[in-house]
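1. What follows is a predicted structure for the sequence shown.
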Amino acid sequence: MTRIINRQPGRYGRLVLGLMPFVILLAVYIVASDARLAENPSDKLLPSLSSFVDAITRMGFEPSKRTGEYLMWNDTLASLHRLCMGVGISALIGLAIGVGNGMIPFMRSPLSPLVTALSLIPPMAILPILFITFGLGELSKVVLIVIGICPIIIRDIQLRTDSLPNEQLIKAQTLGGNSWQIIARVVLPQTLPRLIEAVRLTLGSAWLFLIAAEAIAATEGLGYRIFLLRRYLAMDVILPYVFWITLLAFSMDWSLKRLSILAFPWYHKEQGGRHE
């Protein structure tokens, strides 16, 4: 008898199973929206799908009467710029300190406890301090993302470095490699795919910190637009913006996964070929 844990859906089966929850949610929304609108045509909580189309057209494909800008695309570019800056800086710092903590004892002793302490501080609790220190401009928003996800990346990379087989390091030393050569040629190649995974795992948190910062102090951005329109109960704009953020986050995660598979196929073979 074939056990269910050993049965694998085919390519099209995975596609159908992956789409099924979204189709069900869409059907539930349409039914609920029709029911509310039939009772109250002015209801704003669950707008019709046609309202979403009108809102997307107005926000994304018609210039604003006040500024002349295409608001949805302007908000998207502003948010992506802040997010990419914060995630990119966090990845670089996380790689440098994570590998250093894992390989250099004199670096690990002072920095590892500090990183652990920083990772336990709720980033949202220090948001007012960041605004006071760095102002209300772009820097404070980027710093919030860095403070929020960088310690997690550092700890992840440090654990990956610590888990490298000692035999590899001993052989590299036996062959005459110095510390920097061992780090560059043995440690880094095996750490980079884990770095991509760490970035993928922290993307959701990075978006959370970005939206929170934009909601409090910004004049453009996806988070700013959502919290600006909530006072008007403009769900026909808010829900498409939430869906757009989700689509952007999914696209970034998928792109990083594909990059990792193409650049480090050996790593995914070691993981049993499960590219999740």
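-> Received, thanks.
2. Contacts for stretch 199-206, please.
-> 83, 86-87, 90-91, 145, 148-149, 152-153, 156, 249, 252-253, 256-257 (CB atoms under 8 Å, 6 or more residues apart in numbering). For glycine as for every other residue, the C-beta is placed from the backbone atoms N, C-alpha and C.
3. ok, those residues vs residue 100, which is closest?
-> Among the contacts of stretch 199-206, residue 153 lies closest to residue 100 (CB to CB), at 13.1 Å.
4. do you know how far that closest one is from residue 39?
-> Taken as CB to CB, to the nearest Å, the spacing of residue 153 relative to residue 39 amounts to 49 Å.
5. show me where the stretch 51-200 of the chain has helices.
-> Counting by DSSP state H, counting those that start in this stretch, the stretch 51-200 of the chain has helices at residues 71-103, 105-119, 127-134, 138-162, 166-174, 179-182, 188-216.
6. Need the winner for burial among those.
-> Counting by mean count of other CB atoms under 10 Å, helix 138-162 has the highest mean neighbour count of these, with a mean of 22.
7. quick one: that helix to helix 127-134, angle?
-> Using axes from the mean of the first three to the mean of the last three CA atoms, to 10 degrees, the inter-axis angle of helix 138-162 relative to helix 127-134 is 110 degrees.
8. by contact count, what packs against helix 138-162?
-> With contacts taken as 3 or more CB pairs under 8 Å, 6 or more residues apart in numbering; DSSP states H and E, helix 138-162 sits against helix 71-103, helix 105-119, helix 127-134, helix 188-216.
9. Format the ones you listed as TSV; extra columns: distance to residue 244 and mean pLDDT.
-> Output for those, formatted as TSV (distance: least, CB to CB, whole Å; pLDDT from 0 to 100):
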stretch	distance to residue 244	mean pLDDT
helix 71-103	7	95
helix 105-119	30	91
helix 127-134	24	89
helix 188-216	12	94
